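1. what follows is a protein structure lacking sequence information:
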Ligand SMILES: C[S@@+](CC[C@H](N)C(=O)[O-])C[C@H]1O[C@@H](n2cnc3c(N)ncnc32)[C@H](O)[C@@H]1O
């Protein structure tokens, strides 16, 4: 077996376990999931790295506290997705990952539908959602899906948001520790350009692509650029 489960209710006879274990086998991965604090955590094969999970309530509470004294309207990601005055766009986040961006958008007051195609990450998200109860989650939905196929039946959204792990040859900085575990089994999203071309065709109000600040654009021309310290948001208008 390529997937080891420590505790929790995921039974090795279940369809869900087979799905995850088959994925690990097909990718040559040996992973361990541990049940802790009411949800599953993923261990890296490097014992020095801490296990990862999505801590939804904690992250939403942290954002809530922060925005008690800081203006949402000044945030670079908020500007990039078009949050202003009373406007709170409806977001389709094609690349849920560990939900960092989705939860941030939720805390701005946006409605968010997030996708994730990697079965292990999708499992961590679903496990975290079962354990979460923050009221903002009423505006959140999650679907385990590949973005490219999902875009064929695009729901009614204002913004398509895309944050692939697409590395460019000039990128020198090492990603955060958490991202290293992530990258070790999610890999690099080599099909990102194909997805962005498809998303651009459908762009309702804008398509927002998150990139490391100094990296190359995934598609040209970009209509508007919003730059943060380490991150850039390339905005494509219809
Ligand atoms: C850089 S991470 C996203 C991080 C996320 N924005 C966050 O703040 O936590 C990229 C994630 O998108 C997923 N992904 C990449 N391309 C995808 C696609 N075409 N369809 C669905 N998920 C995709 C990857 O599996 C990975 O989990």
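-> On my side now, so go ahead. Just so it is clear, the model here is predicted, and its values are computed rather than measured.

2. in a strand, residue 115, correct?
-> Yes: for residue 115, which was evaluated using DSSP: H, G, I helix; E, B strand; the rest coil, the result is membership in a strand.

3. that one and residue 93 touch, don't they?
-> Yes: in this structure, residue 115 is within contact of residue 93 by CB atoms under 8 Å, at 6.9 Å. No exception for glycine: its C-beta is placed from N, CA and C like everyone else's.

4. which one's more surrounded, these two?
-> residue 93 (29 against 21; other CB atoms under 10 Å).

5. so what's the more buried one up against?
-> Residue 93 makes contact with 101-102, 105, 112-115, 161, 163, according to CB atoms under 8 Å, 6 or more residues apart in numbering.

6. roughly how far apart are residue 150 and the ligand?
-> To the ligand, residue 150 is 7 Å away according to CB to the nearest ligand atom, to the nearest Å.

7. scratch that, residue 22 is what I was asking about
-> Residue 22 sits 17 Å away from the ligand, taking CB to the nearest ligand atom as the criterion.

8. show me the contacts for that residue.
-> Residue 22 is in contact with no residue at all, counting by CB under 8 Å, 6+ apart.

9. confirm it sits in a helix?
-> Yes: when three-state DSSP is applied, residue 22 is found to be in a helix.

10. in a helix, residue 141, correct?
-> No: secondary structure assignment (three-state DSSP) places residue 141 in strand, not in a helix.

11. give me the neighbour count for it.
-> By other CB under 10 Å, 13 other residues sit near residue 141.

12. let the chain start at 402 from now.
-> Okay, using 402 as the starting number, the last item reads as residue 542.

13. which ones are touching it?
-> 513-515.

14. tell me, which of the contacts of residue 494 make contact with the ligand?
-> 502, 516, 564 (CB under 6 Å from any ligand atom).

15. wait, isn't the first one in contact with residue 609?
-> Okay, so that is residue 502. No: using CB under 8 Å, residue 502 is not in contact with residue 609, being 9.7 Å away.
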